[in-house]
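[1] prediction below, plus the sequence it came from.
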Amino acid sequence: MNDERKQFFIELEEKTGDAVEEVEFVCINADKKTYAALSLTTSRTELWGLLVFGVRGLYFYVSPSENFMSLMFRQMTHGKKPTEQLIDLGRIEALETELPPKKWYSVLFTDVKHRIDASFVFEKKRHYFSMTTLSPASGVQERIQKKLHGKSAVST
């Protein structure tokens, strides 16, 4: 592990109070109400970040970054700088994840291999979102299930 990665893991451990085992780069896709229920902010429907697998928990971390166009637009509109975001997914009520159901035409859509569907309850209402993974979704989903429920995922 290089020094920058090691330092980043140390900083994440300080923020979460949990030792980092591994991270997975994912994109959450949701609507504004779902992001608000998750305590995340974004002006878009997708939010890239790190799924952080700790020794005791599961977290989603978003680095405060922006591209050149976003920076120019923010400066013209006097908007706020992006901020770091970190949520503890283990504290979300009734968080469930599953792989999309396999259909005969699934072979035509490669994104299904990299998608995890999720839902949770906030203020007695169920919210839905999906996560796009860079690694095959089945392995990531199984690790999520182990972290959240302490057992293997049921294949769907």
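    Everything's here; your move.

[2] and residue 140, how close does it get to residue 147?
    Counting by CB to CB, to the nearest Å, the gap from residue 140 to residue 147 is 11 Å. The way it works is simple: take the backbone N, C-alpha and C, and place the C-beta from them, glycine included.

[3] in three-state terms, label the spatially most distant residue from the centre of the chain for me.
    Outermost residue of the chain with respect to the C-alpha centroid, by CA atoms, centre = their mean, is residue 76; its distance is 29.9 Å. Following DSSP: H, G, I helix; E, B strand; the rest coil, the label given to residue 76 is helix.

[4] list the contacts for it?
    By CB atoms under 8 Å, 6 or more residues apart in numbering, no residues touch residue 76.

[5] check contacts around residue 20.
    Residue 20 makes contacts with 9, 12-13, 52-54, as judged by CB under 8 Å, 6+ apart.

[6] looking at the residues you listed, which one is closest to residue 84?
    Distance to residue 84, by CB to CB, is smallest for residue 12 among the contacts of residue 20, at 10.6 Å.

[7] I'd say the closest one and residue 61 touch.
    Yes - contact criterion CB atoms under 8 Å: residue 12 and residue 61 qualify, at 6.6 Å.

[8] what is in contact with the two at once?
    The contact lists of residue 12 and residue 61 share residue 52, where a contact means CB under 8 Å, 6+ apart.

[9] can you read off the pLDDT for the closest residue to residue 12 other than its chain neighbours?
    Closest residue to residue 12 apart from its sequence neighbours, by CB to CB, 6 or more residues apart in numbering: residue 20 at 5.2 Å. pLDDT, residue 20: 93.

[10] so what's residue 20 bridging to?
    Taking DSSP bridges, one obtains residue 54 as the residues bridged to residue 20.
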